[in-house]
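> build me a structure from this.
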Amino acid sequence: MKSKLEKVREQSSEELARRILDIKESMFRLNFRKALGDTDTVKQLRRERKEMARLQTVLRARQLGIEK
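Numbers count the residues shown, from 1 in each chain. Alright, predicted model coming up:
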């Protein structure tokens, strides 16, 4: 079974950048829902934040030449 990080590393840089934009838009919407009092969004926001950090880490490693 592949870990989340291994799945991310298999994707191209363009796919990762597109996914980051999708996550940013999703987080924007979730923040509005949280402001309206929806308590379920807190867990989703945490998940989205972690996923975005994972994607950004892989992209940065590729920019620095650490990773293919």
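> middle-most residue in this structure, spatially?
Met52 (2.3 Å; C-alpha atoms, centre = their mean).
> I'd say that one and Asp22 touch.
No: look at Met52 against Asp22 with C-beta atoms under 8 Å: they stay out of range, at 9.7 Å. From N, CA and C alone the C-beta is placed, and that goes for glycine too.
> residues contacting the lowest-mean-pLDDT helix or strand in the chain, please?
None of the helices or strands of the chain scores lower by mean pLDDT, DSSP states H and E than helix 4-10, at a mean of 87. Helix 4-10 is contacted by residues 16, 51, 54-55, 58, 67 when judged by C-beta atoms under 8 Å, 6 or more residues apart in numbering.
> quick one: buried residues of that helix?
Neighbour counts over helix 4-10 (16 or more other C-beta atoms under 10 Å) mark 8-9 as buried.
> ok, now stretch 33-47?
So stretch 33-47, judged by 16+ other C-beta under 10 Å, has buried residues 34, 41, 44-45.
> what does stretch 54-68 give?
Per 16+ other C-beta under 10 Å, stretch 54-68 contains these buried residues: 54-55, 58-59.
> same list (the residues you listed) but as a markdown table, adding secondary structure, distance to Ser12 and pLDDT.
Below are the buried residues of stretch 54-68 laid out as a markdown table (DSSP: H, G, I helix; E, B strand; the rest coil; distance: C-beta to C-beta, whole Å; pLDDT from 0 to 100):
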| residue | secondary structure | distance to Ser12 | pLDDT |
| --- | --- | --- | --- |
| Arg54 | helix | 16 | 93 |
| Leu55 | helix | 12 | 95 |
| Val58 | helix | 11 | 94 |
| Leu59 | helix | 11 | 94 |
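> which among those residues gets closest to Met27?
Leu55 (12.7 Å; C-beta to C-beta).
> still on that earlier bit, from the buried residues of stretch 33-47, which land in helices?
Counted as lying in helices by DSSP state H, out of the buried residues of stretch 33-47, are 34, 41, 44-45.
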